[in-house]
Each structure stands twice: as C-alpha cells, then as structure tokens.
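Student: What follows is a predicted protein model with its sequence.
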Amino acid sequence: MPLPSFLYSRKNIIRIILFTSVFALVFINIYAPFGSDRWFSLTRLQFFTYSSLTILTGVLVVVVSRMIMYRYCQKHPLLVWQYLVWVIGEIVMMALFYALFEKFFLYDARLFTDLFRVSVKNTALVLLLPYAISWLWLSWQDKKEQLEMLSDEAEVPQTAGMVPFYDDKGVLKFSVKKENLLYLESAENYVNICYLDKNSVSKYLLRETLKKIEEDFAGTDIIRCHRCFIVNFDKVKVIRRDKDGLRLELDVPSALDIPVSRTYVGSVMQTFSRYCKTGDKLSE
C-alpha cells in the first residue's frame, strides 16, 4: 500500500518536525525521561534551557531523516511498511544518541545496554505519539482539501482539448493537451504520464493504476496496448512488426517505441482500421 503523499510533502514534513520538537520539549520537562531531572542541580529555567538544547540536538536525527525521505520520495514511491521501518530506524538512531549522551557526557554508571534499552522506550514515546497525531491531523486536512477541490471542479468546466488525470482518490492532479500526450507507463501502483513539454519528453508520476485509467478512457483513441502501456493513438506514426511482435513508433523522435502485446493486438488493429477509414495515415 503506497504511503499517503501528504506525509512526505515539503510543507508537511516541516510541520511534523516542528510538532515533534515541541512535543519532545514538553515531554522531557513533564515526564523527565533519561533521568534528566537528576542531571545537575539546576533551577527550573536552567533545566528548561539545557533540556531544550539536548532535545533539539536529538531531533536533528529526525530532520536529516525527513530530508532524505523527501528526496527519496521525489523519485520513488514509498510503501506504508517501508515508512514504518523508516520510523523504527529514526527511533533507534535517536535512542543511540541519547544513550551515548548519558554515558559519555553525563557519566551515567549504568551499563550501556541498559541505557540504550530505556532510551529506546522513551524515544519511542517522544516520536510515535507526535507522528500518530500528525498522521491523523494531516489525513483530516487532506480529506478536507480533496472535498474543496472536488467542489471547485464541479463548478469549473474542463478546458476544451485538455485530458484530465485523477489520482486514486479521485482528485484532479494533472491535465495535458491531447496533442501533447504521448503514452502512459505503469510503475506498480503509480503511472508515468509521458507528454511533450517544449519539444522534449517529460513525465508526471500519478498515483493510480493503469487498469483504472484504461477504464476512464474506454471508447477513446487513448488505448491500452500492453500490460505496462497505454498510448495516445493520435501520436502513432508507424506500426512496425519485428521479431518481438508489433511496436508503435510515435511522431516524436526522442520518444520510446511502444510494444504491443498479443492480448491487445486486436484493439490496436481495430483502432488502426478506424484511422484508415477516416483518412489518417499510418504505415505498417
């Protein structure tokens, strides 16, 4: 199951980091984990200052982790189970930092394994509670925005000649002129929309399945031709047969030649025949 995109958007990553930092600061001053209330003989204000610096230093683990996650998710889809493993990694790294801090800076006499075990428990509370609250709140915000977008879409008609693409939640994510749409390529639970942008081939990653998009474009010239491909037949200039079967050449030199699998040969040739009847020219 893909991770909801609202969890790794830049704006929401910043929100999660800030909320986690504030939560951790309140947590250490109220609950006093890691034996923090026994560190030094300090006034309440001094303790708050030192604990703030310590907590914020530990939160740098989360900052670095989320920056890496943001970069990774720009190129690769992240699944929920992968996200959970990622969070466990954050807990372990942050717990390791606090255990080392207690051992070598506060000279705690306990065994390092005991320090680390207690630190994992406390760090899990510091991270998992704000993460869970953030997930629930951001999910509510995302649903609210979707409802607002759907309301706006109902009021504003689609621009003539534009091909709309909706994600798996029914939210309009991308539109492109039909004359610029080349093909769509499956990427597990995502689809790469390949289109012309200033005479070069660009891609947009949409969270949706190729099967659902095929159903949306049933009866049009945007047809399924392969298990992994849907093609805009308006952009096909050559149907070529080679040792691997049929391939479709598009009228864009830099575009990929699209394979045609046996399952879809019939629908491709039917579309080809329709183009021949209407006077459009294709070579085979």
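Tutor: Happy to help now that I have it.

Student: use CA for all of it now, contacts and neighbours both
Tutor: Noted.

Student: before we move on, what SS does residue 90 have?
Tutor: Secondary structure, DSSP: H, G, I helix; E, B strand; the rest coil: residue 90 is helix.

Student: wait, residue 239
Tutor: strand.

Student: Retrieve the pLDDT associated with it.
Tutor: Looking at residue 239, its pLDDT is 89.

Student: Ok, the one 3 residues further on next?
Tutor: In this prediction, residue 242 carries a pLDDT score of 84.

Student: Would you mind measuring from it to residue 69?
Tutor: Counting by C-alpha to C-alpha, to the nearest Å, the separation of residue 242 from residue 69 is 43 Å.

Student: Comparing these two, which residue is more hemmed in?
Tutor: residue 69 (18 against 7; other C-alpha atoms under 10 Å).

Student: pretty sure the more buried one contacts residue 9?
Tutor: No: between residue 69 and residue 9 there is no contact under C-alpha atoms under 8 Å: 9.9 Å.

Student: which neighbours do those two share?
Tutor: Both residue 69 and residue 9 lack any common contacting residue under the criterion C-alpha atoms under 8 Å, 6 or more residues apart in numbering.

Student: can you pull out the helices in the stretch 151-284 of the chain?
Tutor: Assigned by DSSP state H, counting those that start in this stretch, the helices in the stretch 151-284 of the chain fall at 210-216, 265-277.

Student: I figured residue 175 hits residue 181, correct?
Tutor: No: applying C-alpha under 8 Å, one finds residue 175 not in contact with residue 181, separated by 9.6 Å.

Student: Show me which of those two is the more surrounded one.
Tutor: residue 181 (24 against 15).

Student: which residues touch the more buried one?
Tutor: Counted by C-alpha under 8 Å, 6+ apart, residue 181 has contacts 193, 194, 195, 196, 232, 235.

Student: Beta-bridge partners for it, please?
Tutor: Counting by DSSP bridges, residue 181 forms beta bridges with residue 195.

Student: got a pLDDT number for it?
Tutor: 94.

Student: From residue 163, how far off is it?
Tutor: Counting by C-alpha to C-alpha - residue 181 and residue 163 are separated by 8 Å.

Student: next one: residue 20
Tutor: 41 Å.

Student: quick one, which of those two is more surrounded?
Tutor: residue 20 (23 against 16).

Student: Report the distance from whichever strand or helix holds that one to the chain centre.
Tutor: Assessed by DSSP states H and E, residue 20 sits inside helix 10-30. Averaged C-alpha coordinates place helix 10-30 at 22 Å from its chain's average position (C-alpha atoms, centre = their mean, to the nearest Å).

Student: Packing partners of that helix?
Tutor: If contacts are counted by 3 or more C-alpha pairs under 8 Å, 6 or more residues apart in numbering; DSSP states H and E, helix 10-30 sits against helix 44-75, helix 112-155.

Student: how big is the angle separating that helix from helix 112-155?
Tutor: If you take axes from the mean of the first three to the mean of the last three C-alpha atoms, to 10 degrees, helix 10-30 sits at 140 degrees to helix 112-155.
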